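A.B. asks: 3D model of this:
(one chain, ligands or ions: 1)
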Amino acid sequence: MTNALVNGNTGLESRFDSMNLSRSAYVPPHMRSSQRAASSPSPSPSPAPSRNGWNDSRGGAPSSRGGFSDRGRGGNSFTNNRVAGGGQGWGERSTSQNWSASPREQPKDNQMFGYGAWKDGQHVVGGRNMRMEKEIYGEADDPSKQHTGINFEKYDDIPVEATGADVPDPVTSFTSPPLDPVLLENIGYARYTIPTPVQKYSIPIVANGRDLMACAQTGSGKTGGFLFPILSASFTMGPRAIPSEPNGYGGRRRATPTALILAPTRELVSQIHDEARKFAYRSWVRPAVVYGGADISQQIRLIERGCDLLTATPGRLVDLIERGKISLANIKYLVLDEADRMLDMGFEPQIRRIVEGEDMPGVHDRQTLMFSATFPRDIQMLAKDFLKDYVFLSVGRVGSTSENITQKFEYVEDNDKRSVLLDILNSHSNESLGLTLIFVETKRMADMLSDFLIQNQWHATSIHGDRTQRERETALQTFRNGQTPIMVATAVAARGLDIPNVTHVVNYDLPSDIDDYVHRIGRTGRAGNTGVSTAFYNKNNKNIVKELVELLREANQEIPGWLEVSAHEASFGGSFRGRGRGRGRSGGRDYRTGGGGGWW
Ligand SMILES: Nc1ncnc2c1ncn2[C@@H]1O[C@H](COP(=O)(O)OP(=O)(O)OP(=O)(O)O)[C@@H](O)[C@H]1O
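C.D. replies: Residues are numbered from 1 along each chain as shown. Here you go, the predicted model:
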């Protein structure tokens, strides 16, 4: 029996039927935690005991099924009207109800807590909402939230290079100024005490109106690196005035976000949106998220309620623009997160259309930021079109891996991989109760391997592009909460995902691209925590062996003798040259400075 059958739409639905669970509308991932908070808890089916004491997602229903909730807005609609025109760039949002009248005034009983407004040219900060705070920030020791690890302060030892004209000095702490006091309070609620290096630099660079291409290792806080300066400036300056609607849109309300964040996968945009909700708390900024594979009408209803900072996958955004639901005319900040992956996934035409072919202000009338842990040549070239006079920031060498990850290599022939994997899982299960993420190359392999693990009494699930959105979210949810502490994944889970307590990443199949390896192992060892990665290597992986050995050396890892020999043979035997994408896709620095060892 394959995963596709068990977890395909029909299989899943019939399993729910047989469990006699109540059916209800699909709830998108970014709505689920609030929905849980809003609805009374429903008993979950008791899991079957297993060898590792965890529950199997396949025996349980997603706990978030149920009716639609509107993120704790208590059913109140709020108007999203702004003063049209205005000419000066920054305008005014008029709010009809539910807001406190002055920045520090607490809302009255019938007013809405947790949301602010822009009124009469002033930021009217919403009152605190304890339920919302618990939901978005978690408790101090909440295992579902990432906590900083013992090596967090060591990020400061990583060499930073910032190139470009007149690079502003970095900040050393979270202070106001330069950060808006409301943002500072939210950063405090998130329990961040000091900025990571990428944040130290990005805050003043963006505050000074500069464009930025920022490269920093996985798990080192790039999301805050773009959210903090954007939200801080937005809180202080308020929304831009909405330009008059072009002919043909009269009377139709379109969302007009101030900031747009593009990212490659649904899971990643949902995660960025959750972070945006943390830092936009009590402010006038309404974060929104759109991605493919989920009900578009529900997304339209949500963006109509408020959409100032929009996180989107490119395909769904184009769809909404075509439907006349979103205008980009107001964009002040454009962020391309994991831009290199978006190009790999073939999103370049959609991205070019969004940035150059619609109504987004031109490069001189917006600020553009690109973030990734890897910046191959083609993305630096895209930067030439999208960015102006930008600062190129690299924390560590571009494309390097974090020293917080212990990288192990095993020589394993394809036929032996399954049994070696079982051995490794057995040995690790004695050591830690952390989560294990296993990467494979194909969707079919992801299904087959997770079935194999389940047959061997391991609680496993899988995530890949052929699973439905609901299945993907369920897999992620049961992995996050430890019900299925093993997740077999394709590249869809390689980028950006920030899942606490992933202690082990296994590259069951090594990728053919060294940058993919960097992102995959980066699902562990995040925020100063330590983690382990194990890769199964054999002769089929010679195309990346030289880069692997360089990465290991640079990250002060032990290098098995046989791997060095293989790298040596590959260099001199010609089997590596001309295959894959060649030496260090991200081996360069700012291409404008001629850095990078001349590999282009
Ligand atoms: N200043 C900070 N203090 C404490 N924790 C932080 C800080 N900045 C970020 N974090 C936490 O570190 C974790 C990793 O951050 P983030 O997901 O932004 O990393 P990233 O650099 O974007 O990684 P990736 O390259 O994998 O996308 C998150 O859980 C985040 O909450």
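A.B. asks: Excluding residues flanking it in the chain, which one is nearest Leu212?
C.D. replies: Distances taken as C-beta to C-beta, 6 or more residues apart in numbering place Leu369 nearest to Leu212, at 4.7 Å, with adjacent residues excluded. The C-beta positions use only the backbone N, C-alpha and C, and glycine is treated the same way.
A.B. asks: For the stretch 301-450 of the chain, what lies in contact range of the ligand?
C.D. replies: Ala373 (C-beta under 6 Å from any ligand atom).
A.B. asks: ok, which residues in the protein are in contact with the ligand?
C.D. replies: 146, 148, 192, 195-196, 199, 216, 218-224, 373, 496, 498, 522, 526-527.
A.B. asks: In strands, which of the residues you listed appear?
C.D. replies: Ala216 (DSSP state E).
A.B. asks: which of the residues of the chain next to the ligand count as buried?
C.D. replies: 146, 148, 192, 195-196, 199, 216, 218-224, 373, 496, 498, 522, 526-527 (16 or more other C-beta atoms under 10 Å).
A.B. asks: that older thread, element containing the residue nearest to Leu212, please.
C.D. replies: In this structure, Leu369 is located in strand 367-372 according to DSSP states H and E.
A.B. asks: and the closest residue to the ligand within the stretch 501-600 of the chain, what is it in contact with?
C.D. replies: Closest approach between the stretch 501-600 of the chain and the ligand, counting by C-beta to the nearest ligand atom: Ala527, at 3.3 Å. Contacts for Ala527 (C-beta atoms under 8 Å, 6 or more residues apart in numbering) come out as 146-149, 152, 219-221.
A.B. asks: how far away is Glu161 from Glu558?
C.D. replies: Glu161 sits at a distance of 27 Å from Glu558 (criterion: C-beta to C-beta, to the nearest Å).
A.B. asks: Those two: which has the busier surroundings?
C.D. replies: Taking neighbours as other C-beta atoms under 10 Å, Glu161 and Glu558 compare with Glu161 leading, 17 against 10.
A.B. asks: ok, for the more buried one, nearest residue in space, not its chain neighbours?
C.D. replies: Nearest to Glu161 is Ser394, by C-beta to C-beta, 6+ apart, at 5.0 Å.
A.B. asks: now swap in Leu510 and tell me
C.D. replies: Asn541 (4.5 Å).
A.B. asks: Now do the same for that neighbour: helix, strand or coil?
C.D. replies: Here Asn541 is helix, with the state taken from DSSP: H, G, I helix; E, B strand; the rest coil.
A.B. asks: cool, Arg131 as well?
C.D. replies: Arg131 ends up helix, using three-state DSSP.
A.B. asks: And the helices in the stretch 451-600 of the chain?
C.D. replies: 469-480, 514-521, 545-554, 561-573 (DSSP state H, counting those that start in this stretch).
A.B. asks: try the stretch 201-350 of the chain
C.D. replies: 222-237, 266-280, 296-305, 314-322, 339-344, 348-352.
A.B. asks: Give me the distance between the nearest residue to Gln350 once chain neighbours are set aside and the ligand.
C.D. replies: If the residues on either side of it in the chain are set aside, Gln350 comes closest to Pro314, at 3.9 Å by C-beta to C-beta, 6+ apart. Shown here: Pro314 relative to the ligand, a distance of 17 Å by C-beta to the nearest ligand atom, to the nearest Å.
A.B. asks: Quick one: residues contacting Pro314.
C.D. replies: Applying C-beta under 8 Å, 6+ apart, the residues near Pro314 are 262, 342, 347, 350-351, 354.
A.B. asks: what pLDDT does the residue nearest the centre of the chain get?
C.D. replies: Centre of the chain computed as the mean C-alpha position; nearest residue by C-alpha atoms, centre = their mean is Leu268, 3.5 Å away. Note on Leu268: pLDDT of 95.
A.B. asks: And for it, nearest residue in space, chain neighbours not counted?
C.D. replies: Per C-beta to C-beta, 6+ apart, closest to Leu268 is Gly496, 4.2 Å.
A.B. asks: The one you found and Val269 touch, don't they?
C.D. replies: No. Here Gly496 does not reach Val269: they are 9.3 Å apart, not a contact under C-beta atoms under 8 Å.
A.B. asks: Which residue is the nearest non-sequential neighbour of Asp466?
C.D. replies: Lys443 (4.7 Å).
A.B. asks: what's the answer for Arg282, then?
C.D. replies: Gly126 (4.1 Å).
A.B. asks: okay, now the residue nearest to Asn507 when sequence neighbours are not counted: neighbour count?
C.D. replies: Counting by C-beta to C-beta, 6+ apart, Asn507 lies nearest to Ala535, which is 4.0 Å off, once chain neighbours are set aside. If you count neighbours by other C-beta under 10 Å, Ala535 ends up with 23.
A.B. asks: what does the one 5 residues further on give?
C.D. replies: When neighbours are counted by other C-beta under 10 Å, Asn540 registers 11.
A.B. asks: who touches Leu453 in this structure?
C.D. replies: Counting by C-beta under 8 Å, 6+ apart, the residues that Leu453 touches are 421, 425, 460, 486, 488.
A.B. asks: and with 7 Å instead?
C.D. replies: If you count contacts by C-beta atoms under 7 Å, 6 or more residues apart in numbering, Leu453 has them with 460, 486.
A.B. asks: Now do the same for it: its pLDDT.
C.D. replies: 98.
A.B. asks: Once you drop chain neighbours, what's closest to Asn208?
C.D. replies: Asn208's closest residue in space is Pro168 (C-beta to C-beta, 6+ apart), at 4.9 Å.
A.B. asks: quick one: contacts for that neighbour?
C.D. replies: Counting by C-beta under 7 Å, 6+ apart, Pro168 has contacts 204-205, 208.
A.B. asks: Those residues into a markdown table, with extra columns for pLDDT and neighbour count?
C.D. replies: Output for these, formatted as a markdown table (pLDDT from 0 to 100; neighbours: other C-beta atoms under 10 Å):
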| residue | pLDDT | neighbour count |
| --- | --- | --- |
| Pro204 | 97 | 17 |
| Ile205 | 98 | 26 |
| Asn208 | 96 | 14 |
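A.B. asks: what's the closest of those residues to Glu564?
C.D. replies: For these, the minimum distance to Glu564 (C-beta to C-beta) is 39.7 Å, reached by Ile205.
A.B. asks: quick one: the closest one from Phe228, how far?
C.D. replies: 11 Å.
A.B. asks: re earlier: check which element follows the strand holding Leu369 along the chain.
C.D. replies: By DSSP H and E, the next helix or strand past strand 367-372 is helix 377-386.
A.B. asks: Tally up the residues packed near the residue nearest to Arg210 when sequence neighbours are not counted, please.
C.D. replies: In space, and not counting its chain neighbours, Arg210 is closest to Val391: 5.4 Å by C-beta to C-beta, 6+ apart. Val391 has 25 neighbours, counted by other C-beta under 10 Å.
A.B. asks: what are the bridge partners for Val391, then?
C.D. replies: Leu212 (DSSP bridges).
A.B. asks: Just confirm it contacts Ala165, I think it does.
C.D. replies: No. Applying C-beta atoms under 7 Å, one finds Val391 not in contact with Ala165, separated by 8.4 Å.
A.B. asks: what's near enough to touch Leu382?
C.D. replies: By C-beta under 7 Å, 6+ apart, the neighbours of Leu382 are 339, 343.
A.B. asks: Check the one 10 residues further on too.
C.D. replies: Applying C-beta under 7 Å, 6+ apart, we find Phe392 in contact with 163-164, 213, 590.
A.B. asks: Just the closest of these to the ligand, please.
C.D. replies: So of the contacts of Phe392, ranked by how close each gets to the ligand (C-beta to the nearest ligand atom), first place is Met213, at 14.3 Å.
A.B. asks: That closest one: neighbouring residues, count only.
C.D. replies: 28.
A.B. asks: just checking, Ala373 touches Ile521?
C.D. replies: No. When contacts are counted by C-beta under 7 Å, Ala373 is not listed as touching Ile521 (10.5 Å).
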